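> need a structure here:
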Amino acid sequence: MAAPVGATKSHAAAKAFVGLPGVTTEHRAMPDTLPALDAPAVRIAALAGSPSARSRSTALLREALLALRPADVPQAEISIRDLPAAAMLHADAQEPAVARALAQVQAADLVLVATPIYKAAYSGVLKLFIDLLPPEALRGKRVLPLATGGSMAHLLAVDYALRPVLAALGAREILDTVYATDAQFETDQHGAWRADAAVRERVRRALSPGFATPSSAPLPRRPALADRSGAATAAC
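The predicted structure is shown next:
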């Protein structure tokens, strides 16, 4: 029996999303059953906005992806620092790798945005990418800001710098910011950063209800919530 037209389009869009080459992608296999029309497959784009290869903010981003991983949905991790530097500096949105990354963000339903806080502002690397997004690129999407910094000295940096930009781009719901200081990270046996248990719990709390779930079913949609803040700060 043929699948409903809407469900077919949703399934095709999800496959196209995970199939975009040129950026780091992680995803589980697409389910055999097409999602219902009222519960389309949710796609997740994760923006790593740190200029550093070994980054606490990227580690925080991956904690969020790990919390979402039981959900059987496509995930794409986009490392902005690995996009062609010349294209980014010249605002060349037509460069293939940049264009593919921008397309993945626009195709997503949930966008995770991770950045270190430098001098009470989000990173310049993230700024370059955000400036290439078209107006209302986040229209109808949920967005989770994730930030790291050296101290709590600039608690409201995300509220005053990043969240207004996300709202201006049309984000339907900006989830509670998860902010962590340098002291809330430790290294594992391989030298990689790992957030402490309290930070990991805040990540799960920010993504629930409806996101961090052990179910393999597509993530449910939920009504927009009032915009609530959650903090930010200094260098990383």
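> quick one: Ala101 and Leu133, what's the gap?
Counting by C-beta to C-beta, to the nearest Å, the separation of Ala101 from Leu133 is 10 Å. The C-beta positions use only the backbone N, C-alpha and C, and glycine is treated the same way.
> who has more neighbours, these two?
Set side by side, Ala101 and Leu133 show more neighbours around Ala101, with 26 against 16, by other C-beta atoms under 10 Å.
> ok, that one touching Leu128?
No - using C-beta atoms under 8 Å, Ala101 is not in contact with Leu128; the gap is 11.5 Å.
> shared neighbours of those two, anything?
Shared contacts of Ala101 and Leu128, defined by C-beta atoms under 8 Å, 6 or more residues apart in numbering, are found at Ile80.
> Please state the mean pLDDT value computed over stretch 58-73.
Averaged over stretch 58-73, pLDDT sits at 86.
> Ok, stretch 200-213 next?
Mean pLDDT, stretch 200-213: 78.
> Next: stretch 95-103.
Stretch 95-103 carries an average pLDDT of 96.
> Just the C-alpha atoms of stretch 46-60, please, in PDB.
Output in PDB follows, covering the C-alpha atoms of stretch 46-60 (Å, rounded to 0.1, in the frame of the first residue of the first chain):
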ATOM      1  CA  ALA A  46      24.400  20.800  15.900                       C
ATOM      2  CA  LEU A  47      26.700  23.800  15.400                       C
ATOM      3  CA  ALA A  48      30.100  23.700  17.000                       C
ATOM      4  CA  GLY A  49      31.100  27.400  17.200                       C
ATOM      5  CA  SER A  50      34.600  27.100  18.800                       C
ATOM      6  CA  PRO A  51      37.700  28.000  16.900                       C
ATOM      7  CA  SER A  52      39.700  25.400  18.900                       C
ATOM      8  CA  ALA A  53      40.200  21.700  18.000                       C
ATOM      9  CA  ARG A  54      40.100  20.700  21.700                       C
ATOM     10  CA  SER A  55      37.000  22.600  23.000                       C
ATOM     11  CA  ARG A  56      34.900  22.500  26.100                       C
ATOM     12  CA  SER A  57      31.900  24.000  24.200                       C
ATOM     13  CA  THR A  58      32.100  21.200  21.600                       C
ATOM     14  CA  ALA A  59      32.300  18.700  24.400                       C
ATOM     15  CA  LEU A  60      29.100  20.200  25.800                       C
END
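> No more questions from me, cheers.
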